[in-house]
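Novice: mind folding the following:
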Amino acid sequence: MALKLHVFGAGIKLNSSPASFAPSYHDARTPNFKDQKLLKSSLRTSLVCQCSLVDEQQQQQQQQKQQISFTQQENELINALIGIQGRGKSATPQQLNDVEIAVKVLEGLEGVPGPTNSDLIEGRWQLMFTTRPGTASPIQRTFVGVDFFSVFQEVYLRTNDRRVSNIVRFSDAIGELKVEAAASIENGKRILFRFDRAAFAFKFLPFKVPYPVPFRLLGDEAKGWLDTTYLSPSGNLRISRGNKGTTFVLQKKTEPRQRLLTAISAGKGVSEQPLQAIDEFITSNQKITKDELELVDGEWQMIWSSQAETDSWIENAANGLMGKQIVRNAQLKFVVDIFLGLRFSMIGTLVKSGSNKYDVTMNDAAIIGGPFGYPFDMETKITLELLYSDEKIRISRGYNRIVFVHIRTDGSRK
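Specialist: Modelled structure (predicted):
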């Protein structure tokens, strides 16, 4: 017996011999009623099992298709973006240099030719990074550098009403600001635009609130152009340069570390949102690798912890609840800027005590101002457990089982 069933357009061939459903016949032609029920039941069970298997295979294939694909050069740029706060506003010189090098490499490669003529440029793009010259627009200066907000750009050039829109989403509960521009294609790389309308869409109001900018009176100030200097063949990454000298890096899909940092930025305080995102991230990575984790040398800025700071800044500093960690040569150093050029420094030793654990003893503390230091007699012992670690991000559990997220601020280790 050979049965063929089409499920969602996929041909599924089920092979079985007559003996697979061998009924007990009264004669060679007519099965009895019980045997017919047995045959139907067996056939139904077989089909369900086979279809379940195919459905599972289809789901796995769909998940594989949905996995984000970046080339090696694109990953260099994405890795350079990891840890940069304020979409570039708070980037260190080393971070800016890493991004600039990665951008120039991609711009020198052949991405999608004539990107403005490609369907891949269509849709909503999330702004991941931008340079911020003094000539940037008021919207850029006001909103782009705030990590709590999500910033998007929509590009629609295949309609009768061509549009490029900049969107600032404050939160799912509050709403967004959308600034729209009429667009036209000048050539395969450049989009011309003119801002003509904008409005706030608040969730708690049944109507939109106009953004108070008289675009018609701005003349040439409302006009501009946008060059796409690189569009990835996958359609997931775009680099653009604007008429005011601004460079933009945008993505349609973000990779897991980027989504984790976005969740932390959106829920900056001690809340369930970052904790849930951290749990999901760690769980997904545990399925991929069981390798032993190691502390990576470098400068690491603490960006989130599962406990709020206490009233004592020195207690916060000593327990790693604020400031920066510097890991080098089996030593750990806490550095916290206090005020007026003063900083708190505390140095200790690291001893590995398990596959992913370190015993830390911090016992060399001082307040430093310029070349002078005032020593403190204090000691802190911590068991540091690594939950996740790579060249750019570290998730650990430390003092009082507090979960910490640190990002690397001194560039990638070569």
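Novice: quick one: residue 309 is in a strand?
Specialist: No. Counting by DSSP: H, G, I helix; E, B strand; the rest coil, residue 309 is located in no strand; its state is coil.
Novice: my guess is it contacts residue 316. True?
Specialist: Yes. Assessed by Cβ atoms under 8 Å, residue 309 is found in contact with residue 316 at 4.7 Å. Just so you know, the C-beta spots here come from the backbone N, C-alpha and C atoms, and that holds for glycine as well.
Novice: more crowded one of those two?
Specialist: More neighbours surround residue 316 than the other of residue 309 and residue 316, with 19 against 14 (other Cβ atoms under 10 Å).
Novice: how far does whichever strand or helix holds the more buried one sit from the chain's center?
Specialist: Here residue 316 sits within helix 313-318, counting by DSSP states H and E. Its chain's C-alpha centre and that of helix 313-318 lie 30 Å apart, by Cα atoms, centre = their mean, to the nearest Å.
Novice: cool, stretch 275-285 as well?
Specialist: 13 Å.
Novice: now do stretch 160-177
Specialist: Worked out by Cα atoms, centre = their mean, stretch 160-177 lies 19 Å from the chain centre.
Novice: list the buried ones in that stretch?
Specialist: 162, 164-170, 175-177 (16 or more other Cβ atoms under 10 Å).
Novice: burial measure for residue 249, as a count.
Specialist: 27.
Novice: run through the residues that contact it.
Specialist: Residues near residue 249 by Cβ atoms under 8 Å, 6 or more residues apart in numbering: 77, 81, 99, 103, 127-130, 237-239.
Novice: and after the helix or strand where it lies, which helix or strand comes next?
Specialist: In the assignment (DSSP H and E), residue 249 maps to strand 247-251. Going down the chain from strand 247-251, the next helix or strand is helix 256-266, by DSSP H and E.
Novice: buried ones in that following helix?
Specialist: 257-258, 260-266.
Novice: which one of the buried residues of stretch 160-177 sits closest to residue 280?
Specialist: Looking at the buried residues of stretch 160-177 and their distance to residue 280, the nearest is residue 169, at 21.3 Å (Cβ to Cβ).
Novice: can I get the buried residues of stretch 160-177 in JSON lines including pLDDT and distance to residue 285?
Specialist: Shown next, in JSON lines, are the buried residues of stretch 160-177 (pLDDT from 0 to 100; distance: Cβ to Cβ, whole Å):
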{"residue": "162", "pLDDT": "96", "distance to residue 285": "42"}
{"residue": "164", "pLDDT": "96", "distance to residue 285": "37"}
{"residue": "165", "pLDDT": "95", "distance to residue 285": "35"}
{"residue": "166", "pLDDT": "93", "distance to residue 285": "34"}
{"residue": "167", "pLDDT": "93", "distance to residue 285": "31"}
{"residue": "168", "pLDDT": "92", "distance to residue 285": "31"}
{"residue": "169", "pLDDT": "91", "distance to residue 285": "28"}
{"residue": "170", "pLDDT": "90", "distance to residue 285": "31"}
{"residue": "175", "pLDDT": "94", "distance to residue 285": "34"}
{"residue": "176", "pLDDT": "94", "distance to residue 285": "32"}
{"residue": "177", "pLDDT": "93", "distance to residue 285": "35"}
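Novice: bridging residues for residue 333?
Specialist: residue 326, residue 347 (DSSP bridges).
Novice: show the pLDDT at it.
Specialist: pLDDT recorded at residue 333 is 94.
Novice: how near is the residue lying closest to residue 185 once chain neighbours are set aside to residue 152?
Specialist: Leaving out its chain neighbours, the residue that sits closest to residue 185 by Cβ to Cβ, 6 or more residues apart in numbering is residue 116, at 4.9 Å. Counting by Cβ to Cβ, to the nearest Å, the gap from residue 116 to residue 152 is 19 Å.
Novice: who has more neighbours out of these two?
Specialist: Remark: of residue 116 and residue 152, residue 116 carries more neighbours, 21 against 17, as counted by other Cβ under 10 Å.
Novice: list the residues that contact that one.
Specialist: Counting by Cβ under 8 Å, 6+ apart, residue 116 has contacts 157, 185, 187-191, 228.
Novice: residue 402: which of those residues is nearest?
Specialist: Nearest member of the contacts of residue 116 to residue 402, counting by Cβ to Cβ, is residue 228, at 44.0 Å.
Novice: name the element residue 180 belongs to?
Specialist: Short version, using DSSP H and E: residue 180 is in strand 175-185.
Novice: do residue 200 as well
Specialist: strand 190-202.
Novice: tell me the strands beside that strand, with direction?
Specialist: strand 175-185 (antiparallel), strand 209-210 (antiparallel), strand 223-231 (antiparallel).
Novice: in JSON lines: these, plus distance to residue 344.
Specialist: Listed next are the strands paired with strand 190-202 as JSON lines, based on distance: least, Cβ to Cβ, whole Å:
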{"stretch": "strand 175-185", "distance to residue 344": "40"}
{"stretch": "strand 209-210", "distance to residue 344": "46"}
{"stretch": "strand 223-231", "distance to residue 344": "43"}
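Novice: could you give me the buried positions within stretch 191-204?
Specialist: 191-193, 195, 198, 200, 202.
Novice: should've said stretch 201-214
Specialist: 202, 211.
Novice: please write out the alpha-carbon positions of it in PDB.
Specialist: Presented in PDB, the C-alpha positions along stretch 201-214 are these (Å, rounded to 0.1, in the frame of the first residue of the first chain):
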ATOM      1  CA  ALA A 201       0.400  58.000  18.900                       C
ATOM      2  CA  PHE A 202      -0.200  57.500  22.600                       C
ATOM      3  CA  LYS A 203      -1.800  54.300  23.800                       C
ATOM      4  CA  PHE A 204      -3.900  56.100  26.300                       C
ATOM      5  CA  LEU A 205      -5.500  58.500  23.700                       C
ATOM      6  CA  PRO A 206      -7.900  57.600  20.900                       C
ATOM      7  CA  PHE A 207      -6.400  60.200  18.600                       C
ATOM      8  CA  LYS A 208      -2.900  61.200  17.400                       C
ATOM      9  CA  VAL A 209      -1.200  64.400  18.700                       C
ATOM     10  CA  PRO A 210       0.500  66.400  16.000                       C
ATOM     11  CA  TYR A 211       4.200  67.000  16.500                       C
ATOM     12  CA  PRO A 212       4.600  70.800  16.700                       C
ATOM     13  CA  VAL A 213       7.000  71.400  13.800                       C
ATOM     14  CA  PRO A 214       6.000  73.600  10.800                       C
END
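Novice: give me the residues contacting that stretch.
Specialist: Contacts of stretch 201-214 (Cβ under 8 Å, 6+ apart): 172-179, 195, 198-200.
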